[in-house]
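1. Just the structure for this:
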Amino acid sequence: MGELLRLLEQTAPLDKIALAEGNETVTYRQLAERIGIVRSRLPAGGKDFEPVGLVMDQTVDSVILLLSCLDGGVAVLPVDDLQTTSDLARIGTASRVAYWIAPEDRAQAGVNTAKTAPVVPYSRLLVPAKTAAVELDGKREPGGPKAGGGSGGPGHKEEPGEEPVSLYLLSSGSTGLPKMACLPMQTLLREGRKYRDWFGYRPDDSLVATVPLHHLYGLTGALFGSLTAGATLHICRHPTPRKAANLLRACQGTVLLGVPSFYHLLCMSRHIGQGHAGRLRFAISAGGALAPDTAAAFEGKFGKRVLQLYGSTETGAVAAEHPHRRHRKGSCGYLLPGVEARMEDDGRLAVRSASLFGGYVTGSGKECPVQKGWFVTDDLATIEEQELTVIGRVPRHINVAGRKVNPKEIEDVLKHMPRIREAKVAGRPDELQGEIIVAWLTADAGVSVKAVRDYLKTQLAAYKIPHEIHLDGALPSWKERYVCEDEQEGAGQE
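-> Next comes the predicted model:
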């Protein structure tokens, strides 16, 4: 039995609901049973540097598949279902994915990755049956790893990077495709307990997640935080403000997790009011800087606080506001237990904790920027009496409603479009999204903005498509580019 299965059987009554999405619910007993079944069916693969790719559609089934890989010691790379076929093909090649697990519709379409990796539909692993394994093809041996692989075991020294890699998360690289950040299973459990203890998650809590569970914020703050507390997690799939508010009221949610732009929309909606808050104790915001006006508007409208959290894939949760304490205006709250921080000579924030990632995997191999236990972020910050304030960021990736977008990736795609000669992509501050994506192109006569958008829709996820496309034949000056790239507000949160 893996450590996660032990957790599920010891944390909550087995007949209590663990996960809910739409009309589907799964108890702690059913979750443990289904993880055990899927573990036995996982095909061989998922070794270091050759992860299993999991296309997550945020259903209960996708969560069960993710937890099965993690508990079974199968290194997994979860990706957004919003990724296009071309996105997945590029990610699969760059990440050396052993095989893909995908929802039925994506698997039937072949995800167009068959040239580089086989595709297994959800149903082959989830459908009730007595068979113990699934074969990908005639060349592979069936059966997953032995139970308990990669868990570290009792008494294992918790030093970052030394435990076996269980999870690979896409993290924006400085050039080309995103990198894969390496994390062990122990980090996920640690981070889940960190959220549970700091925010005071309780067994009678109903958490409502409007954030994707393949990002570290959703994975640890919502999923593992809820499981370690013995609570119930309600997944709001394809969230809109009204849909999330209705779910919050229907399930009598007590903790709400979202990104800053989501809370802004909740506050702006005339159709959502305090009656939707029900039993809400507080909300948590990460994935970008939460505007003070939004925090004040949320508290004024719903009578509850939205607490800001700062962290990243590389560091885990670093600082957060506390449900029972007030903080300086503009701060991210206090450094969390077990986290140390200092300022580098250039003003950048450096972090040390047991939850630091184990480095990146790139096309050229593995690189680990953690030096003597410290990871230096690109955030400019100040620390006063253990309270962290992020004041800016070294020029970086574009933060679109909490999703980190690599402008170089978009530029590379644009440059492969026929009749496009040059491309420059940058971010511009935006009140609602945090940032929007702006593209400047030099192109041959006859190329239209619509043609560019139509091309990008076949190559990139919807959130990566530029909000503005300029075809005036002139790229922005270096001053214009720096305005877009430097006038960025706040934090690079999870």
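2. quick one: the most far-flung residue of the chain relative to its centre and residue 419, what's the gap?
-> Note on the chain: the largest C-alpha distance from the chain mean falls to residue 445, namely 40.2 Å (Cα atoms, centre = their mean). Using Cβ to Cβ, to the nearest Å, residue 445 is found at 9 Å from residue 419. Placement of C-beta: from N, CA and C, glycine included.
3. any low-confidence regions in the stretch 301-450 of the chain?
-> For the stretch 301-450 of the chain, the stretches flagged by pLDDT under 70 are 363-364, 395-396.
4. which residues in it form helices?
-> Listed in chain order, the helices of the stretch 301-450 of the chain (DSSP state H, counting those that start in this stretch) span 407-415, 449-457.
5. Just the buried residues of the first one, please?
-> Right, the one you point to is helix 407-415. By neighbour count with 16 or more other Cβ atoms under 10 Å, helix 407-415 contains the buried residues 407, 408, 409, 410, 411, 412, 413, 414.
6. And the last one, by the same measure?
-> When neighbours are counted by 16+ other Cβ under 10 Å, the buried residues of helix 449-457 are found to be 451, 452, 455, 456.
7. now that helix against helix 407-415, angle please.
-> 120 degrees (axes from the mean of the first three to the mean of the last three Cα atoms, to 10 degrees).
8. elements contacting the next helix or strand after helix 449-457?
-> As assigned by DSSP states H and E, the chain's next helix or strand after helix 449-457 is strand 468-470. Where contact means 3 or more Cβ pairs under 8 Å, 6 or more residues apart in numbering; DSSP states H and E, strand 468-470 is packed against strand 434-443, helix 449-457.
9. what is the mean pLDDT for strand 468-470?
-> Averaging pLDDT along strand 468-470 gives 92.
10. Put together CSV for the helices of the stretch 301-450 of the chain, with distance to residue 99 on each row.
-> Below are the helices of the stretch 301-450 of the chain laid out as CSV (distance: least, Cβ to Cβ, whole Å):
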stretch, distance to residue 99
helix 407-415, 24
helix 449-457, 27
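11. Please name whichever of those helices is nearest to residue 237.
-> Closest to residue 237 of those is helix 449-457 (Cβ to Cβ; 21.9 Å).
12. what are the phi and psi values for residue 264?
-> phi -60, psi -40 (degrees, to the nearest 10).
13. got the contact list for it?
-> 291, 294, 431, 432 (Cβ atoms under 8 Å, 6 or more residues apart in numbering).
14. which of those residues are buried?
-> Here, 16+ other Cβ under 10 Å leaves 291, 294 buried among the contacts of residue 264.
15. What is the burial count for residue 429?
-> For residue 429, the count of nearby residues is 14 (other Cβ atoms under 10 Å).
16. Next one: it from residue 393, what distance?
-> Applying Cβ to Cβ to residue 429 and residue 393 gives a distance of 12 Å.
17. Break this structure into its domains for me.
-> 3-151, 187-393, 398-486 (automatic domain parsing).
18. Need these in TSV (columns: distance to residue 165).
-> Below are these laid out as TSV (distance: least, Cβ to Cβ, whole Å):
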stretch	distance to residue 165
domain 3-151	5
domain 187-393	6
domain 398-486	21
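19. can you tell which of the ones you listed is closest to residue 170?
-> Here domain 3-151 is closest among the domains of the chain (Cβ to Cβ), at 6.7 Å.
20. What's the local residue count around the spatially closest residue to residue 276 that is not a sequence neighbour?
-> In space, residue 276 comes closest to residue 245 once its chain neighbours are excluded; the distance is 4.1 Å by Cβ to Cβ, 6 or more residues apart in numbering. Applying other Cβ under 10 Å, we find 25 residues neighbouring residue 245.
21. Show me which residues of the host helix or strand of residue 245 are buried.
-> When elements are assigned from DSSP H and E, residue 245 belongs to helix 241-250. Going by neighbour count (16+ other Cβ under 10 Å), the buried part of helix 241-250 is 241, 244, 245, 247, 248, 249.
22. Any figure for the gap between the residue nearest the centre of the chain and residue 465?
-> The centre of the chain sits closest to residue 215, judged by Cα atoms, centre = their mean, with a distance of 1.1 Å. Using Cβ to Cβ, residue 215 is found at 20 Å from residue 465.
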